[in-house]
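In: turn this into a structure:
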Amino acid sequence: MRTPTDATGFPGATVALLNGGTNFVMADLYTITLSGGGVLRYTGHATALSFNGNTFITGPVFKRGSISHKSGTEVATLDLTIAAAPGDTINSVPILQFIAGRGLDGAQFKLERAFLPNWQSAITGTVIDFAGYITSIKNITRSSVDLTVSSGMIKLNVNMGPNLFQASCLNTLFDSNCTLAAATYTASGTVSGTPTSLTFATNRTEADTYFTQGVITFTSGANNGVSRMVSAYAHTSGQVTVSFPFPVAPSSGDTFTIRAGCDRSLNTCKTKFASDNSIHFRGTPFIPVPETVI
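Out: Below you'll find the model as predicted:
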């Protein structure tokens, strides 16, 4: 059984409330962390609630289904339906449109049960009922969408070992094995021209392909907090093309951060970044391919 945690980080006040033999009330708190770092907080209560310095607002209606608890390394899941009105928005975009545009790709989700002596009192503490990643979006209609949230065990669902003999590097750019610092190769920019949700001009002037396979995250506008992989970058007009459209087309003047990409080749590792990083390269480009005749 999970131990409730109160606002001070200790279970005492919440346990006293639950064991006190007096009436108390409960409310659900929902926290969604977008892949770009933006955080959305909602409550199932009729009015906004505050806890630990955060405000959980009213808005869309969350209907949660059964939670499948698993033992061992199996992935637990939570089925969730979000019903929203046109006035329920994320970054000024209707929520259902935002979700249909894959604005929740890679988002983390947390469901907490909050305990209060009464609706006029502050929240005593919460219990985390479920936490994980939004892994499935389906049945989008004019008024609702069905989601599946999977526990963190989903990260273990890989069908191969950690190391392979392959030409490209096994590292992920900027991870601990790569050793390069993401901040060093992250730039800020502004959208210009007449953008679309897939391609837009910017004020960046780096060489062609510098940001290709990198990540762009908007820091203002309707796509604030939403990230996409950059599929192409051209020096001319600083044009960025993303791998999948943003929920809505950005506007000229919207700001973003954009991170350099890497094709994980030995040549890129040696020449693209500020210093030769090939000492950390973990590919095997000189092993003959299987089709080589000996």
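
In: helix, strand, or coil at residue 59?
Out: coil (DSSP: H, G, I helix; E, B strand; the rest coil).

In: tell me how far it lies from residue 79.
Out: 20 Å (Cβ to Cβ, to the nearest Å). Any C-beta I mention is one placed from the backbone N, CA and C, and that applies to glycine too.

In: more neighbours: which of the two?
Out: Between residue 59 and residue 79, residue 59 has the larger neighbour count (other Cβ atoms under 10 Å), namely 20 against 15.

In: quick one: contacts for that one?
Out: Contacts were defined as Cβ atoms under 8 Å, 6 or more residues apart in numbering; by that measure residue 59 touches 42, 84, 88, 95.

In: nearest to residue 33, of those?
Out: Comparing the contacts of residue 59 against residue 33 with Cβ to Cβ places residue 42 closest, at 12.7 Å.

In: which element is the closest one on?
Out: Applying DSSP states H and E as the criterion places residue 42 in strand 39-43.

In: what's that strand packed up against?
Out: strand 25-33, strand 54-56 (3 or more Cβ pairs under 8 Å, 6 or more residues apart in numbering; DSSP states H and E).

In: which is the succeeding secondary structure element to the shortest one?
Out: Downstream of strand 54-56, the next assigned helix or strand under DSSP H and E is strand 61-68.

In: remind me, longest strand of the chain?
Out: Ranked by residue count under DSSP state E, the longest strand found in the chain is strand 125-138.

In: can you give the strand pairings for the helix or strand following that one, parallel or anti for each?
Out: The first helix or strand that comes after strand 125-138 along the chain, using DSSP H and E, is strand 144-150. Here strand 144-150 has these sheet partners by DSSP bridges: strand 77-83 (antiparallel), strand 125-138 (antiparallel).

In: residues in contact with strand 144-150?
Out: 75-84, 96, 99-100, 104, 109, 111, 130, 132-139.

In: cool, and stretch 151-165?
Out: In contact with stretch 151-165 (Cβ under 8 Å, 6+ apart) are residues 70, 73-77, 130-133, 135, 170, 282, 284, 287.

In: and if you look at stretch 172-185?
Out: Stretch 172-185 is touched from outside by 169-171, 259-262, 264, 273-274, 277, 280, 282, with contacts defined as Cβ under 8 Å, 6+ apart.

In: circling back: just the buried members of the contacts of strand 144-150?
Out: Buried members of the contacts of strand 144-150, counted by 16 or more other Cβ atoms under 10 Å: 75-78, 80, 82, 84, 96, 99, 104, 109, 111, 130, 132-135, 137.

In: pLDDT score for residue 277?
Out: We have a pLDDT of 92 for residue 277.

In: with adjacent residues omitted, what lies nearest to it?
Out: residue 269 (5.2 Å; Cβ to Cβ, 6 or more residues apart in numbering).

In: and if you look at residue 200?
Out: That would be residue 191: by Cβ to Cβ, 6+ apart, it lies 5.2 Å from residue 200.

In: residues contacting that neighbour?
Out: 200-202, 221, 250-256.

In: same thing with residue 43?
Out: Residue 43 neighbours (Cβ under 8 Å, 6+ apart): 27-30, 49, 56-58, 114.

In: can you rerun that using 7 Å?
Out: Residues in contact with residue 43 (Cβ atoms under 7 Å, 6 or more residues apart in numbering) are 27-29, 49, 56-58.

In: out of those residues, which end up buried?
Out: Of the contacts of residue 43, these count as buried by 16+ other Cβ under 10 Å: 27-29, 49, 56.

In: any idea how far residue 129 is from the closest residue to residue 51 other than its chain neighbours?
Out: Leaving out its chain neighbours, the residue that sits closest to residue 51 by Cβ to Cβ, 6+ apart is residue 123, at 4.5 Å. For residue 123, the distance to residue 129 equals 15 Å [Cβ to Cβ].

In: again with residue 67
Out: 7 Å.

In: same check on residue 25?
Out: For residue 25 relative to residue 129 (Cβ to Cβ), the value is 16 Å.

In: residue 170 now?
Out: According to Cβ to Cβ, residue 170 stands 37 Å off from residue 129.

In: do the same with residue 252
Out: Distance of residue 252 to residue 129, given as Cβ to Cβ: 43 Å.
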